[in-house]
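Participant: Okay, here's the prediction I keep looking at, along with the sequence it came from:
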Amino acid sequence: MVEIVVSILLVFGSAFVLLGSVGLVKLPDVYARLHAPTKATTLGVGALLVASAVQHSALREGISGQELLVTGFFFLTAPIGAYLVSKAALHLRLKAGKAELPPRD
């Protein structure tokens with residue numbers, strides 16, 4: 001039963017990571033590209049980490065602290081990274097993937 005749950009989580013997570021990667025390449029501008037890796041890829045990597053935790057807890061007794069720490073770190077840093085990229089794009093006045101020079105004072 002554990003192998004089935006881990007397999008489903010691995011397929012689910014891999015599909016979302018692939019979807020996020022395709023979205024990163026195919027979407028037209030930086031603002032649309034932010035959603036693919038921050039939403040889909042975060043969900044995919046989260047499913048992969050849960051699969052790792054389930055497999056580890058099935059092989060050994062207890063929950064692995066490493067998976068919990070990586071999951072917490074990832075879910076805290078992914079939104080912060082997306083926020084910083086969006087603020088940089090706003091600062092550079094990026095539109096449709098190209099930067100406009102800021103007006104001179």
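Facilitator: Thanks, I have it. Residues are numbered from 1 along each chain as shown.

Participant: Please count neighbours and contacts with C-alpha atoms only from this point.
Facilitator: Will do.

Participant: can you pull the contacts of the residue nearest to the spatial centre of the chain?
Facilitator: Central residue of the chain (Cα atoms, centre = their mean): Thr42, 2.7 Å from the mean position. Residues in contact with Thr42 (Cα atoms under 8 Å, 6 or more residues apart in numbering) are Val17, Phe74, Phe75, Ala78.

Participant: Columns neighbour count, secondary structure and pLDDT on top of the residues you listed, output as TSV?
Facilitator: Converted to TSV, the contacts of Thr42 look like this (neighbours: other Cα atoms under 10 Å; DSSP: H, G, I helix; E, B strand; the rest coil; pLDDT from 0 to 100):
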residue	neighbour count	secondary structure	pLDDT
Val17	24	helix	92
Phe74	14	helix	87
Phe75	16	helix	86
Ala78	15	helix	86
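
Participant: coming back round to it: what's the distance between the residue nearest to the centre of the chain and Gly62?
Facilitator: Per Cα to Cα, to the nearest Å, Thr42 is found 25 Å from Gly62.

Participant: before we move on, what about Val6?
Facilitator: 16 Å.

Participant: The two: who's more crowded?
Facilitator: Between Val6 and Gly62, counted using other Cα atoms under 10 Å, the more crowded position is Val6 (19 against 11).

Participant: Check what pLDDT the nearest residue to the more buried one once chain neighbours are set aside gets.
Facilitator: Using Cα to Cα, 6 or more residues apart in numbering and skipping the chain neighbours, the partner closest in space to Val6 is Ala51 (4.9 Å). Per-residue confidence (pLDDT) for Ala51: 91.

Participant: Check His91 too.
Facilitator: Reported pLDDT for His91: 82.

Participant: where's it, which helix or strand?
Facilitator: helix 65-92 (DSSP states H and E).
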